[in-house]
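Asker: got a sequence here, can you build the structure:
(one chain, ligands or ions: 1)
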Amino acid sequence: MAGERIAFVPTMGNLHGGHVSLVQAARERAQRVVVSVFVNPLQFGPNEDYAAYPRTPDEDRKLLEALKVDVLFMPEVDEMYPRGQALTARVHVPELEDILCGAFRPGHFMGVATIVTKLLNLVQPDVALFGEKDFQQLMIIRRAAEDLCMPVEIVGLPTTREPDGLAMSSRNRYLTPEQRAVAPQIFAALERARRAIESGRRDFAEIEREGMGMLEAAGFRPDYFSVRDANTLAPPSDESEELVVLTAARIGRARLIDNVRAKRPR
Ligand code: AMP
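Answerer: Below you'll find the predicted structure:
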């Protein structure tokens, strides 16, 4: 209805507590809540888990009904890419798309920025909500929205965790019981780095090496463990006060990502 605010939560489905927290926050910000469920092929590399990505449309629909979501948008791939993926216009965010996860997943953030732009144009929400769990993704979406003058407010929300610290993720489903038992070491390694920074250490390269070592010792194959400026994602400068420690680590079939913020003492 005229005058009502619309909040939008884009997802890839297989909904969990992290998604629920976004939907609840959306409800607090608008009269109408729209959720999309779309596993976006454009953001997956050729050797990644697009085919295996967990799809649970019936459960998702039931959960969103129970949460009283007003509109569920669950398009088919052909509807989103009628010309095919190769020929579609695409959105790039220079630099930010090539670092950290972007260095290990070429084209991933182009796929994310492109689908989010398309979804925002279709839904035309007043506000769109994203998780800080995907910190680099959130930053790239903020940058695209700002640079392309999208008339939408982008809101980031804190990471929802399991009681043992593991960030909720659809990809946690890939873990065997043994892998699930060591998975909280990711958050533990990030927390150790946060405490080191907040206790005044400035040897970030050494903190990064310790994080890589802790994850390797736990049985992960970490892609990176990195201390960055939380506002730019660049390596910290002497002026950087708000930092973020980010990591991506593989175990078995899963590639898990997580991050924590750290405040550098003055
Ligand atoms: P996905 O379905 O994984 O693409 O995620 C959809 C949205 O939910 C994104 O904005 C994610 O950042 C967010 N999200 C995923 N996991 C979590 C979590 N554990 N806590 C908060 N937000 C999350």
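
Asker: which single residue in the stretch 51-200 of the chain comes nearest to the ligand?
Answerer: Residue of the stretch 51-200 of the chain nearest the ligand, by CB to the nearest ligand atom: Gly131 (2.2 Å). Placement of C-beta: from N, CA and C, glycine included.

Asker: tell me who's in contact with that residue.
Answerer: Taking CB atoms under 8 Å, 6 or more residues apart in numbering, we find Gly131 in contact with Gly18, Ser21, Leu22, Leu138, Gly156, Leu157, Pro158, Thr159, Thr160.

Asker: confirm that the fifth one sits in a helix.
Answerer: No: assessed with DSSP: H, G, I helix; E, B strand; the rest coil, Gly156 is strand; it does not lie in a helix.

Asker: that one and Val127 touch, don't they?
Answerer: No: using CB atoms under 8 Å, Gly156 is not in contact with Val127, being 11.5 Å away.

Asker: what is in contact with the two at once?
Answerer: By CB under 8 Å, 6+ apart, no residue touches both Gly156 and Val127.

Asker: how many neighbours does Glu65 have?
Answerer: 10 (other CB atoms under 10 Å).

Asker: now it: how far from Val23?
Answerer: 12 Å (CB to CB, to the nearest Å).

Asker: with Ala7 instead?
Answerer: 9 Å.

Asker: anything in contact with each of these two?
Answerer: The contact sets of Ala7 and Val23 overlap at Val33 (CB under 8 Å, 6+ apart).

Asker: which stretches of this protein form helices?
Answerer: 17-29, 57-66, 77-80, 101-104, 108-123, 135-147, 177-182, 185-198, 204-218 (DSSP state H).

Asker: so what's the closest residue to Phe44 other than its chain neighbours up against?
Answerer: Spatial nearest neighbour of Phe44, excluding adjacent residues (CB to CB, 6 or more residues apart in numbering): Tyr50 at 3.8 Å. Tyr50 makes contacts with Val39, Pro41, Phe44, as judged by CB under 8 Å, 6+ apart.

Asker: equivalent analysis for Leu64, please.
Answerer: Leu64 touches Leu15, Val23, Val35, Leu72, counting by CB under 8 Å, 6+ apart.

Asker: which pLDDT value goes with it?
Answerer: Predicted confidence (pLDDT) for Leu64: 98.

Asker: can you check Val245 too?
Answerer: pLDDT, Val245: 99.

Asker: leaving out the residues flanking it, which one is nearest to it?
Answerer: That would be Ala193: by CB to CB, 6+ apart, it lies 4.5 Å from Val245.
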